[in-house]
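Trainee: here is my input, please return the structure:
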Amino acid sequence: MTRSDVGRDTSSAWLLVTQREVVVRALNKSFVVGLLVSLGLIAGLMAFFTWQGSRAETFTVAVEASDTAAAATVAAAAAAARAAADEAEESGGPGAERVEVMVLEVTGDDAARAALEDETADAWLSGGDAGWTLTTLRQPDLELVGLLTATVREEVVAENATAAGTSPEELTAGSELATESLDGDALDPGLIYLTSFVLAFLFFMGAVGSGAMIAGSVIEEKQSRLVEIIATAVPLRHVLAGKILGSSVIALAQNLLFGVVGLAGISFTPWAQALPALSASMVWFVVFFTVGFVAVAALYAVAGALASRTEDLQATTTPLMLLLMGIYVITFSADGVLERVLSFVPVASIVSMPVRVLSGDAQWWEPVVSLLLLVAFAVGAVLVSERAYRGALLQTGGRLTWRQALRAEA
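Mentor: Sure thing, here's the model as predicted:
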């Protein structure tokens, strides 16, 4: 190929660099192993939540064989627990944990105490003219106490109503407490918090992992002086564009894969009803991440160009890593006004705005405005990074600063 042929082909040089970056990264053994491990962790987490939502907690309540009232009360409590679990499962919300209550008949108080001591029974229910008593070996389970308390109250009210010649409905008329929610579609705060943590983690791992790969690729070519050969045939801005696009493709594909596996796993958990909202939030995250990572990748490429040896990478990439770590920590723990502010701050908005979309706190125009701000930031970061990259890439002899790179002749 003649020099004139090279000149004619430089218009698509960025595409060749992009393809090379994608292929090299996809065939990297450590990357593939890390990807498989991450997918395994996500699948395991989803399996845990599925098990957690479907498991049943069993309580065994001892009653004296002659105490038919206590036995009937425990049976009624068991029926109420099954009805509550069925209703929760129909609503599809989290917390649809099934509670089972079983009756253990014993003879005499000593047998009941023995059942508690050897943990054959979790509690001992006894009734009398003076009232009801629930005895346990240690601190009683609050869920069991609440269930039996409600059941005992219903039984006693029914008996008192019969004795008074009336009905339980007449005695309790007007005592019901109705509940209503201003936002009936509001999601569980625990789910929103978990989602914010997951998105922040995906952002941090994707940005730092792929960014480090870019910086390592740049310094490897620079230290081997391969970049000097490349620079004679390909404009450096094409090299930078190819590295940014190639790494962005890999990072985006990785997060898409994580998102698909995660959403598929959620469909088997008690949070399945929130799947549409979670999917919408994930779409916004992917869009924001795609734009924001372009800026992060450009900055990491400059960090690689500022170094002259592989040993210099730690110094040139540490500020970026600390910045991304700070964003990771603050975004998943932010709430209220701070979260609203962060949702418009470039890079931090990659996590904060999708979380606000999920919670329903964002108006329709807010993600659009936030995305435009992120696009403007990404364009500015790429332009500045391109100038610093060209100024630092061919400089050897020591680690450079951003100021030196921007002032150097490119």
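Trainee: helix or strand: which one has the closest residue to Tyr193 other than its chain neighbours?
Mentor: Nearest-residue entry for Tyr193: Phe332, 7.7 Å, with adjacent residues in sequence omitted and distances by C-beta to C-beta, 6 or more residues apart in numbering. (C-beta placed from N, C-alpha, C; glycine too.) Assigned by DSSP states H and E, Phe332 falls within helix 313-333.
Trainee: show residues contacting the helix or strand just after that helix.
Mentor: For helix 313-333, the succeeding helix or strand toward the C-terminus, using DSSP H and E, is helix 336-342. Outside helix 336-342, the residues that touch it by C-beta atoms under 8 Å, 6 or more residues apart in numbering are Ile330, Thr331, Ala334, Ala348, Ser349, Ser352, Val355, Arg356, Asp361.
Trainee: now do 10 Å
Mentor: Counting by C-beta atoms under 10 Å, 6 or more residues apart in numbering, helix 336-342 makes contact with 196, 327, 330-334, 348-353, 355-356, 359, 361-362, 366, 370, all of which sit outside it.
Trainee: can you name the residues that contact Thr149?
Mentor: Counting by C-beta under 10 Å, 6+ apart, Thr149 touches Ala77, Trp132, Leu134.
Trainee: top of the residues you listed by neighbour count?
Mentor: Each of the contacts of Thr149 was scored for neighbours by other C-beta atoms under 10 Å, and Ala77 scores highest at 25 neighbours.
Trainee: quick check: which element contains the residue found closest to that one once you drop the neighbours it is linked to in the chain?
Mentor: In space, and not counting its chain neighbours, Ala77 is closest to Thr151: 4.2 Å by C-beta to C-beta, 6+ apart. If you go by DSSP H and E, Thr151 is part of helix 142-163.
Trainee: which element follows that helix toward the C-terminus?
Mentor: helix 168-171.
Trainee: what's the spacing between that next one and its chain's center?
Mentor: Averaged C-alpha coordinates place helix 168-171 at 48 Å from its chain's average position (C-alpha atoms, centre = their mean, to the nearest Å).
Trainee: which residue packs closest to Gly259, ignoring adjacent ones?
Mentor: Distance criterion C-beta to C-beta, 6+ apart; nearest residue to Gly259, sequence neighbours excluded, is Met282 at 4.8 Å.
Trainee: okay but the one you found is in contact with Leu199, surely?
Mentor: Yes - if you go by C-beta atoms under 10 Å, Met282 and Leu199 touch, sitting 8.2 Å apart.
Trainee: ok, those two, which is more surrounded?
Mentor: The residue with more neighbours, out of Met282 and Leu199, is Leu199; 27 against 24, by other C-beta under 10 Å.
Trainee: can you name the residues that contact that one?
Mentor: Leu199 makes contacts with 255, 259, 281-282, 284-285, 288-289, 328, 331-332, 350-352, 354-355, 358, as judged by C-beta under 10 Å, 6+ apart.
Trainee: in strands, which of those fall?
Mentor: Taking DSSP state E as the definition of strands, the contacts of Leu199 contribute nothing to them.
Trainee: can you tell me which of those are in helices?
Mentor: Secondary structure assignment (DSSP state H) places 255, 259, 281-282, 284-285, 288-289, 328, 331-332, 350-352, 354-355, 358 from those within helices.
Trainee: distance of Pro270 from Pro354?
Mentor: In this structure, Pro270 lies at 22 Å from Pro354, with C-beta to C-beta, to the nearest Å as the measure.
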